[in-house]
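Engineer: requesting a structural model of the entry that follows:
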Amino acid sequence: MGGKVRSSNLKIFRANIGESGSRTNIKTLTINNDKYSTGHPFLSKDGKKLYYISDMPGGYGQTDIYEVSVNNGHYGAPKNLGPTVNSKYREYTPYVDGDILYFSSNKPDGQGGYDIYMTKLDGSIEEPINLGKPMNSKGDDFSFSIDSKTKIGFISSNRFAGRGEDDIYGFKISCEYTIEFKMSLSFKLTKGVPCLKRHLRYPLNLPCLVSLYFYDSAPLPVLA
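Structural biologist: Coordinates of the predicted model:
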């Protein structure tokens, strides 16, 4: 497949990057097609999985998140991540940290336009978790990324009081919890992963501090 280089649809390309930042050996990926779009690529740290979005036929919504195996420059068959991730709306900007998938969606249960969600790739979380405020706002929030060691990450957003149409924000998570469910549906908290307001539909309301700031400045007050 791959299709034409010039097309009315979005496509994903790969290239070699030189020391000066120049791009050479630009190639279209075999997952591209002239009849639908592919975009928002994220390559796993080991280089063996490519995650991306597409409006190809057979999906669950307007754009779905797919994964494809990568082996020495060869790409396998696209695999839809299924209805526990994808909705009948638009899913965007996948980002994978270990076994955790972060993505944005404009499904109607969010804070605003596009909200950032997280889930587990193994399907153990029945419904993706909305990251809540201040990560999400009444605007569009997307392109989540995080360093799992430093707990420092970035998002893009067109929220109120920004400096442009889409701004880059940095954040730092200052508390961590793991939720361990018991047979009685009670749970205990231990150090492990970033705490969230909701897990598997059960409210937690934990005191998790997230400092949100413009990427090129000192921390600012949290923006709603």
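Engineer: where does pLDDT dip in this structure?
Structural biologist: Within the chain, the segments meeting pLDDT under 70 span 1-7, 175-224.
Engineer: would you point out which residue is most central in it?
Structural biologist: Ranked by distance to the mean C-alpha position of the chain (Cα atoms, centre = their mean), the top residue is F103 at 2.6 Å.
Engineer: for the closest residue in space to that residue that isn't next to it in sequence, what is the enclosing helix or strand?
Structural biologist: Sequence neighbours aside, P94 is the residue nearest to F103 in space, at 4.8 Å (criterion: Cβ to Cβ, 6 or more residues apart in numbering). Heads up, the C-betas are built off the backbone N, CA and C, glycines and all. Using DSSP states H and E, P94 maps to strand 91-97.
Engineer: Y51 now?
Structural biologist: Assigned by DSSP H and E, Y51 falls within strand 49-54.
Engineer: elements contacting that strand?
Structural biologist: Applying 3 or more Cβ pairs under 8 Å, 6 or more residues apart in numbering; DSSP states H and E, one finds that strand 49-54 makes contact with strand 38-43, strand 64-71, strand 91-97.
Engineer: ranking the ones you listed by mean neighbour count, which comes first?
Structural biologist: Across the helices and strands packed on strand 49-54, averaging neighbours per residue (mean count of other Cβ atoms under 10 Å) puts strand 91-97 on top, at a mean of 21.
Engineer: can you list the residues that contact it?
Structural biologist: The contact list for strand 91-97, computed with Cβ atoms under 8 Å, 6 or more residues apart in numbering, reads 40, 42, 44, 49, 51-53, 61, 63-65, 85, 101-105, 114, 121, 142-146, 148.
Engineer: partner strands of whatever helix or strand comes next after it and their direction?
Structural biologist: Heading C-terminal from strand 91-97, the first helix or strand you meet, by DSSP H and E, is strand 100-105. Paired neighbours of strand 100-105 in the sheet (DSSP bridges): strand 91-97 (antiparallel), strand 115-120 (antiparallel).
Engineer: list the contacts of the last one.
Structural biologist: Counting contacts by Cβ under 8 Å, 6+ apart, the residues outside strand 115-120 that touch it are 84-85, 99-106, 125, 127-131, 135-136, 141-142, 144, 155, 196.
Engineer: and the buried ones among those residues, selectable in PyMOL?
Structural biologist: Those of the contacts of strand 115-120 that count as buried under 16 or more other Cβ atoms under 10 Å are selected in PyMOL with:
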select buried, resi 85+100+101+102+103+104+105+106+125+128+129+130+131+135+136+141+142+144+155+196
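Engineer: circling back to that earlier point, angle of the strand holding P94 against strand 38-43?
Structural biologist: Computed by axes from the mean of the first three to the mean of the last three Cα atoms, to 10 degrees, the angle separating strand 91-97 from strand 38-43 equals 10 degrees.
Engineer: save the helices and strands packed on strand 49-54 as TSV, and put in distance to F160 too.
Structural biologist: What follows is those, written out as TSV (distance: least, Cβ to Cβ, whole Å):
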stretch	distance to F160
strand 38-43	25
strand 64-71	28
strand 91-97	20
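Engineer: out of the ones you listed, nearest to I17?
Structural biologist: I17 lies closest, by Cβ to Cβ, to one member of these: strand 38-43, at 13.3 Å.
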